[in-house]
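[1] Turn this into a model:
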Amino acid sequence: MASDLQVLQQRLQHTFTQHALLQRALTHRSFSAQHYERLEFLGDSVLNLAVSDLLYNRLGTLPEGDLSRIRANLVRQDTLHQLAEKLLLSAHIKLGEGELRSGGKNRPSILADVVEALIGAVYLDAGYAKAQALVLRLYEGVDINPQMQAMVKDAKTALQEWLQGRKMKVPVYTVVATQGAAHQQSFDVDCEISEWGLKERGTGISRRTAEQAAATLMLEKIKTKV
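    Sure, this is the predicted structure:
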């Protein structure tokens, strides 16, 4: 009988040579110091590049702004959460007792983070081509079309579009502090618009939620400037 991780690798259609990478990609910081956050950071960049390449080739007639909007919808938390559910990832994530009791296995932010961590793990295990292939498989069942730009935007997406519409650089998000015990941690994230010397800080139970909080505050601030 195949082990749980063998089944997951079958779903991913990737067999890891470095099994420690797979283990780490599934491990939350509340469970171990060997957790997925660095892999998530890497996977986020790989995901954005792979999705950008996909859109560039599939929707070649669209301008940059529309491609950016569609990409933002494809890599947002809600979409990644849906991909995680298709992979049945919640059964494989390692969480500390506190996170387990609070429903962490089904928390969208954690599931979305693990998807990115797995992409980063595949990249380190086998290179960009394999990671890109994984991204393409993950998005096979997603209806990618120009109308996706009309979906409801989260604060990060709205802020990025507002800036890009004015030919400005995208904001920079930096984790400046983490607080609390490992299973009840909160994150402080700065959102910075360097061209205007503006910075806002958001707090949340995950990096993603803190980034959204900071983006919301930044949107409120910049709309008072114009």
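[2] Can you give me the domain assignment for this protein?
    The chain is divided into the following domains under automatic domain parsing: 1-150, 153-226.
[3] where among those is the average confidence lowest?
    Among the domains of the chain, domain 153-226 carries the lowest mean pLDDT, a mean of 85.
[4] how far is it from where the chain is centred?
    Computed by C-alpha atoms, centre = their mean, to the nearest Å, the chain-centroid distance of domain 153-226 equals 15 Å.
[5] Then stretch 95-102?
    In this view, stretch 95-102 has its centroid 21 Å away from the chain centroid, taken as C-alpha atoms, centre = their mean.
[6] Enumerate the positions of that stretch that are buried.
    Buried residues in stretch 95-102, counting neighbours by 16 or more other C-beta atoms under 10 Å, are found at 95-96, 99-100. All C-beta spots, glycine's among them, are computed from the backbone N, C-alpha and C.
[7] Please apply the same query to stretch 44-59.
    Buried, per 16+ other C-beta under 10 Å, within stretch 44-59: 44, 46-48, 50-51, 54-55.
[8] can you put the residues you listed in CSV and add distance to I205 and secondary structure?
    Listed next are the buried residues of stretch 44-59 as CSV, based on distance: C-beta to C-beta, whole Å; DSSP: H, G, I helix; E, B strand; the rest coil:
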residue, distance to I205, secondary structure
D44, 18, helix
V46, 25, helix
L47, 22, helix
N48, 24, helix
A50, 28, helix
V51, 26, helix
L54, 31, helix
L55, 31, helix
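[9] for those, which one is nearest R201?
    R201 lies nearest to D44 out of the buried residues of stretch 44-59, by C-beta to C-beta, at 20.5 Å.
[10] rewinding a little: same list (the buried residues of stretch 44-59) but as TSV, adding distance to L26.
    Listed next are the buried residues of stretch 44-59 as TSV, based on distance: C-beta to C-beta, whole Å:
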residue	distance to L26
D44	17
V46	17
L47	17
N48	22
A50	21
V51	22
L54	25
L55	29
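[11] L39 touches A117, doesn't it?
    Yes: contact criterion C-beta atoms under 8 Å: L39 and A117 qualify, at 4.1 Å.
[12] so which helix or strand takes in A177?
    Element membership of A177 [criterion: DSSP states H and E] is strand 172-179.
[13] in its sheet, what does the following helix or strand past that strand sit against?
    Elements were assigned by DSSP H and E; along the chain past strand 172-179, the next helix or strand is strand 186-193. Strand 186-193 pairs in its sheet with strand 172-179 (antiparallel), strand 198-204 (antiparallel), by DSSP bridges.
[14] Nearest residue to A72 in space, please, no chain neighbours.
    Residue nearest to A72 in three dimensions, not counting chain neighbours: T157, with 4.1 Å by C-beta to C-beta, 6 or more residues apart in numbering.
[15] circling back: out of the buried residues of stretch 44-59, who's nearest L83?
    Scanning the buried residues of stretch 44-59 for proximity to L83, where the rule is C-beta to C-beta, the winner is L47, at 10.2 Å.
[16] Tell me how far that closest one lies from T178.
    Noted for L47: a distance of 23 Å to T178, by C-beta to C-beta, to the nearest Å.
[17] Ok, E64 next?
    For E64, the distance to T178 - C-beta to C-beta - is 35 Å.
[18] what's the answer for A131, then?
    For A131, the distance to T178 - C-beta to C-beta - is 27 Å.
[19] of those two, who's got more company?
    Just comparing A131 and T178: by other C-beta atoms under 10 Å the higher neighbour count belongs to A131, 25 against 14.
[20] All set now, cheers.
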